[in-house]
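Student: Pasting the sequence and the predicted model now:
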Amino acid sequence: MKYTHAVVIGRFQPFHSAHQDLIQYSLTLAEKVIVILGSARSASDVKNPFTPAMREEMIRACFPVDEKRLNFRAVRDYPYNDHFWTTEIQNVVNEEIEDESDANVAIVGFFKDRSSYYLNLFPQWSFEEFYCKDKSKLKINATEIREKYFADDESWKTEVPKQIATQLEVFKQTEIFETLQKEFAYIKQYKEDTKFVGVPYKPVFVTTDAVVVQSGHILVIRRGHQPGKGLLALPGGFLQPELTLEDNAIKELKEETQIKVPSAVLRGSIKASRPFDYPERSARGRTVTFAYFIELEPSLKDGLPKVKGGDDAAKAFWLPLSALGENEDKFFEDHYSVIRTFLGF
């Protein structure tokens, strides 16, 4: 073999025929293939419907049962810090290599579109570009497969291995699929209702969010409506045309949590603010949020301020910071990453 280890990175949502050829090619290059599953610890949504365990099961089903050279690792997304993401990838690969002093590693992939930029982030490894002999497979798009899948358009079956088609049919019988299909229909209608007419531009939405902490707790809501119904989120909402960003953040915070803290105190407790503009952060379309980090003074006498869900929030409550990790996969969109950015972990 040319290499001891080949690294293949992808979300595989879902695993399709071009993905299968990519991994098969990697197996011809290296003694072991490390398949890194992205978007781990993300809440299930129309973009990431399948857990890492489900994706590993799907991929293994497409190769012989006795194929022992495939190793799977899952990593979370870091949309606002490529350095964290590359470090985690490097760490999991180093763990797989262990103490092999003669390890010779290659990353295998192909530059399909803007999302393939990550292939440039690992100069310490050799790069092996994958050339698909069947050029039609290079046009296969996982996003389009998901759209057909949730829209009950059966043509998606021609773009995935038979084993994947079988597993996706089984997934259709679950409550999770039913929930995601409703979310898909909501988002599709939302995009139709909000698209510009008569101009060649897609709409860009602006929202505000509040990251409020006090005494080792963070204020969160449980979403009461689609998309992300039932998921944890930061209190926030769309920017009202007559309000400044800060005014909007305070207004949405008060409306969604009914927090018993005067607006003037909330404003005076703002420690930092910044935009979060990862282009694909929302399935609804291009949405930029401005988040405000509010740190309230601790009070042994009064404790945590009383809160209660209101407006679009089904519930508002204080979540211990120690419980953030165990609830990571229950947060809406990139809200967990927003929290991590301000808290520095």
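Tutor: Sure, I can see it. Numbering: from 1, shown residues only.

Student: Which of the helices or strands spans the residue nearest to T289 when sequence neighbours are not counted?
Tutor: Once flanking residues are discounted, T289 sits nearest to T207: 4.4 Å by C-beta to C-beta, 6 or more residues apart in numbering. Heads up, the C-betas are built off the backbone N, CA and C, glycines and all. Per DSSP states H and E: T207 is located in strand 205-214.

Student: Run me through the strand neighbours of that strand, direction for each.
Tutor: strand 217-223 (antiparallel), strand 236-238 (antiparallel), strand 287-295 (parallel) (DSSP bridges).

Student: so how far is the next helix or strand after the first one from its chain's centroid?
Tutor: Sequence-wise, the next helix or strand beyond strand 217-223 is strand 232-233, with elements assigned using DSSP H and E. Between the centre of strand 232-233 and the centre of its host chain there is 14 Å, according to C-alpha atoms, centre = their mean, to the nearest Å.

Student: Can you list the low-confidence ranges for this protein?
Tutor: Within the chain, the set of residues satisfying pLDDT under 70 is empty.

Student: Which residue ranges of it form helices?
Tutor: 17-29, 52-60, 82-97, 142-150, 162-171, 175-194, 245-257, 263-268, 335-343 (DSSP state H).

Student: would you turn those helices into a markdown table with distance to G230?
Tutor: Formatted as a markdown table, those follow (distance: least, C-beta to C-beta, whole Å):
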| stretch | distance to G230 |
| --- | --- |
| helix 17-29 | 31 |
| helix 52-60 | 20 |
| helix 82-97 | 28 |
| helix 142-150 | 18 |
| helix 162-171 | 19 |
| helix 175-194 | 8 |
| helix 245-257 | 15 |
| helix 263-268 | 27 |
| helix 335-343 | 14 |
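
Student: tally of neighbours for L245?
Tutor: Other residues within reach of L245, judged by other C-beta atoms under 10 Å, total 17.

Student: Which strand residues bridge H5?
Tutor: On the basis of DSSP bridges, H5 takes part in beta bridges with K32, V105.

Student: For it, grab the count of nearby residues.
Tutor: Neighbours around H5, by other C-beta under 10 Å: 24.

Student: same deal with the one 3 residues further on?
Tutor: The criterion is other C-beta under 10 Å. On that basis, V8 has 24 neighbouring residues.

Student: Can you name the residues that contact it?
Tutor: Shown in contact with V8 (C-beta atoms under 8 Å, 6 or more residues apart in numbering): L22, I23, S26, V33, I34, V35, I36, I107, V108, G109.

Student: Repeat that for T179.
Tutor: If you count contacts by C-beta under 8 Å, 6+ apart, T179 has them with K229.
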